[in-house]
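Colleague: The following comprises the amino acid sequence and a computationally predicted model.
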Amino acid sequence: MMKWFSDWWDGGVPVVEQAGARDAARLAQLHGASFHRGWGEGEFEVMLTERNTLVDRLRSGRKVIGFAVSRMAADEAEILSLAIDTAQRGRGLSRNLLMTHLGHLAGRGVRTIFLEVEENNQPARRLYEWAGFGVIGRRERYYQQAGGEQLNALLMRRDLS
Ligand SMILES: CC(C)(COP(=O)(O)OP(=O)(O)OC[C@H]1O[C@@H](n2cnc3c(N)ncnc32)[C@H](O)[C@@H]1OP(=O)(O)O)[C@@H](O)C(=O)NCCC(=O)NCCS
């Protein structure tokens, strides 16, 4: 394919698939753009090889534009991180990413999923509520911001049937 064409054409509907070792650098870049304490390439390299960690990527053509990371223990899992490229937000792409990720977890025998979300993170709360997660707890001043501000966390849970 002509390079100008493949750069322009994003490949249509983004797909969610398991990430591999070669995604570590791009995932670290996406994570760093989304979170105050970014995970480095080395941290992703380790997670991508751990058997109890599931890393899915959202790919549009040749570009990785999002990811979801969960850690599994017996029939429970915790979503550790999920993000969409800043330039691709607000298009509903996170829904496909999250629902497919939950399906992959179910395929590994996971029955219950937990996550923590910052109380004021409206896009993330909307997403998780839409996906059937319910609030089961609240942790005061759980997150420490760069400027010293402390933010509350909500603990959410969803059972997979
Ligand atoms: C959370 C995140 C993954 C959502 O991805 P996205 O593809 O942009 O999400 P969507 O377009 O599906 O929007 C999700 C919901 O948030 C709402 N939303 C978007 N921006 C918003 C804003 N600034 N304020 C309030 N709600 C907002 C949308 O309307 C939508 O709700 P709706 O379905 O009821 O209309 C993305 O914002 C992100 O990567 N954030 C940084 C990382 C993060 O916070 N991850 C979650 C914690 S692990």
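Modeller: That came through, no problem.

Colleague: This structure: strands as residue ranges?
Modeller: Secondary structure of the chain by DSSP state E: the strands cover 15-18, 53-60, 63-73, 76-84, 112-118, 134-144, 150-159.

Colleague: now those strands in CSV, with distance to the ligand and mean pLDDT?
Modeller: Glycine gets a C-beta too; all of them are placed from N, C-alpha and C. Output for these, formatted as CSV (distance: least, C-beta to the nearest ligand atom, whole Å; pLDDT from 0 to 100):
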stretch, distance to the ligand, mean pLDDT
strand 15-18, 12, 97
strand 53-60, 9, 98
strand 63-73, 7, 98
strand 76-84, 4, 98
strand 112-118, 5, 97
strand 134-144, 11, 92
strand 150-159, 10, 96
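
Colleague: Run through the residues that contact the closest residue to Leu98 other than its chain neighbours.
Modeller: Among residues not flanking Leu98 along the chain, Ala131 sits closest, at 5.4 Å (C-beta to C-beta, 6 or more residues apart in numbering). Residues in contact with Ala131 (C-beta atoms under 8 Å, 6 or more residues apart in numbering) are Arg95, Leu98, Met99, Leu102, Arg158.
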